[in-house]
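J.: fold the following for me, if possible:
(chains A and B)
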Amino acid sequence: MAVTEITSSRIAAASGNVPGIRLQRGGPARGWRHWLPFYAMLTPGLIFFIIWHYVPIWQVQMAFETVRIIPPNLWVGLKNFQLLFSSPVFYQVILNTLIISGMKLCFVFPVPIVVALLLNEVRGSGLRKWIQSAIYLPHFLSWVVIAGVFIALLSPSDGAVGQIAQALGFHPVNYMTNTGSIRWMLVLSENWRSAGWDSLLYLAAIIAIDPALYDAADIDGANRWQKIRYITLPGIAPTIATLFILNMGMFLSADLDQVINFQNDVNSSTIDIIDTYVYRIGLQTGEYALATSAGLFKAVLGMGLVLIAHFVAKRLTGRGLW
Amino acid sequence: MAEAFSARAAKTPMERIESVLILSTLLLLVVVTVQPLLNLLALSLSDPSKVPGFSGLSVIPDGFSLDVWTLLLQHPYVQRGLFNSIWMTAASVTIGTVGTALMAWPLSRRELPLRRTIFIFVLITIVFEPGIIPDYFLMKQLGLLNNQWSVILYKAINAWYLIILVRFFEEIPEELIESAQLDGASQFRIFWSIVLPLARPALATIALFYLVFHWNEFFRSMIYLNDQSKWPLQVVLRQFVIGGDKVAIVGENAANNNIGIAQIDIRALKAGMILLTILPILAVYPLILRYFTKGTMVGAVKG
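T.: Next up is the predicted model:
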């Protein structure tokens, strides 16, 4: 970075000798010749987006068709959707998605806020950095790895959890194959993965709070809890609000990558979500049209939620999704 | 006055207890995060005869042996998986970083005609995701089923990372670009010899984003790659650890005759596989800590 600064200051100094530069800025609009190279740079990327994102969007029409072995497909209107909504499995899948997302909103969303508040109380930046680098790590591991870690951790015979349960006199249960607990394992593993890393944004918001407020509170004799309650929490309230709204926008995505690795024969009905349903009936059973319509249903509702979230966040805090 | 301040600075017993409580909570968090991984490491390094009954709480190997690691690293499936993962990730990172930079630079020019339209064009792909089935048919039409390029090119240009890089590029001082223009440098030359060198930290950030994303990718490899010889490490790991498919790693011959690798306790092999898959992430972890933080802040909310 130092080199950058030297270069820029040198050029700034040089530009003082060239009066033309100032005049050029904000001058008349540049012609198409000027922009041609820029569009050339954009072209490969735009082609990529058209092929990899817009062709699938166009193909969504399959949701209104019957897929035939020999094309063209047959247009059937809303028949696939009627089929979908007459299936009790689909309702169960939607219910599962909502339950899991709801549980995550209640029991995952607040955790990073607490972690950030705790981290902020640690004096001595060396110790704090050390703690941070440890708790950020799981965020960068794949769900395959995390599921592997949890399977080992929860193994009733020799996993850490089972051993602690045994030491306390409980009968160890395999929480991975227990329909009553598997959703909680999703909540726990999500926390294990992201409680540390997600605290980063809150911590940044806390650090941005004017230190003079804390000094004033000290003089008034405020204790730690009073400072948290009356300075820190109000200070990070906009960040909390933004992230909460954006979380709501993702409500229908209960995280396919996570669920698919936590699913097994015993628990699959409890954590079967829209995404796993689409994958199963589409790619495993071959009901392409039905799966596409389920996917489209989720995509449209999801788009609505994300857009609402974006505009609400933007209206309230001036900062949206992008 | 001065005395009053120093009196406040000194902690009351209550405050001291609070500090201890806060610190112990955080240390507990550190233990809960790191212990499961250390346990697996210890398990994979333990003497194979001591593995059955090895406690999930221990972080110290019982005896010491590199058998698990040598067997894993010599195993053709694992070697193949490692090779596939490395080459697929390398290809994705290169294509992704170059493609994103090429697109981000024009988009960071505020007066670019149609800038807003192109942004919306990109943002639509974030907001509306048609799902896996249309995508599957696209791969089929492109002839990329059972082809690693279906995975390598997936989100080759990630819309989120593009937005982050645009924000970075917007910070490049205008004077540098203008003076180069006055010198008669072409736009490509400016991009290559001024923008890219100046944006090196930003490019490193984006490259790391892609690296973590693609290294951890498994879903598309799982559904598109039929041949085991094409699988990246994550899919091998999944087959073995989540699917509990011992044959996937041990091989049919060894499994049936209980020879060689099959004699090692499956728990230790699983532990070793998990750690092997994490290892590259650990290797770049210092860089991740350095660059991800800033990139995430620029990207505002998307972690």
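J.: three-state assignment of residue A:270?
T.: What DSSP: H, G, I helix; E, B strand; the rest coil gives for residue A:270 is coil.
J.: could you find the closest non-adjacent residue to it?
T.: residue A:179 (4.7 Å; Cβ to Cβ, 6 or more residues apart in numbering or on different chains). (C-beta placed from N, C-alpha, C; glycine too.)
J.: ditto for residue B:202
T.: Residue B:202's closest residue in space is residue B:168 (Cβ to Cβ, 6+ apart), at 3.6 Å.
J.: next: residue A:161.
T.: residue A:154 (5.3 Å).
J.: give me the number of residues near residue A:31?
T.: 8 (other Cβ atoms under 10 Å in any protein chain shown).
J.: look up phi and psi at it.
T.: phi -80, psi 170 (degrees, to the nearest 10).
J.: what pLDDT does it get?
T.: Residue-level confidence at residue A:31 comes out at 80, pLDDT.
J.: what's the spacing between residue B:275 and residue B:44?
T.: 6 Å (Cβ to Cβ, to the nearest Å).
J.: pLDDT weak spots in the chain?
T.: In the absence of a named chain, this looks at chain A. A:1-29 (pLDDT under 70).
J.: let's do chain B instead
T.: B:1-10, B:246-263, B:296-303.
J.: closest point of it to chain A, which residue?
T.: residue B:131 (2.8 Å; Cβ to the nearest Cβ).
J.: give me phi/psi at that residue?
T.: phi 100, psi -180.
J.: what ranges do the strands span in chain B?
T.: With strands called from DSSP state E, chain B shows none.
J.: how is it divided into domains?
T.: Domain assignment of chain B by automatic domain parsing yields the ranges B:2-65, B:69-298.
J.: please, which helix or strand holds the one residue in the stretch 201-322 of chain A that gets nearest to chain B?
T.: In the stretch 201-322 of chain A, the residue that lies nearest chain B is residue A:295 (2.8 Å; Cβ to the nearest Cβ). Following DSSP states H and E, the helix or strand that holds residue A:295 is helix A:288-317.
J.: on contacts alone, who are the packing partners of that helix?
T.: Here helix A:288-317 touches helix A:79-85, helix A:233-249, helix A:274-279, helix B:115-127, helix B:132-141, going by 3 or more Cβ pairs under 8 Å, 6 or more residues apart in numbering or on different chains; DSSP states H and E.
J.: on the three-state scheme, the residue nearest to residue A:287 when sequence neighbours are not counted is what?
T.: Leaving aside its sequence neighbours, residue A:287 sits nearest to residue A:281 (Cβ to Cβ, 6+ apart; 4.7 Å). Assigned state for residue A:281: helix (three-state reduction, three-state DSSP).
J.: report the contact partners of residue A:281.
T.: A:287, A:290-291, A:294 (Cβ atoms under 8 Å, 6 or more residues apart in numbering or on different chains).
J.: could you redo the last one with a cut-off of 7 Å?
T.: A:287, A:290-291 (Cβ atoms under 7 Å, 6 or more residues apart in numbering or on different chains).
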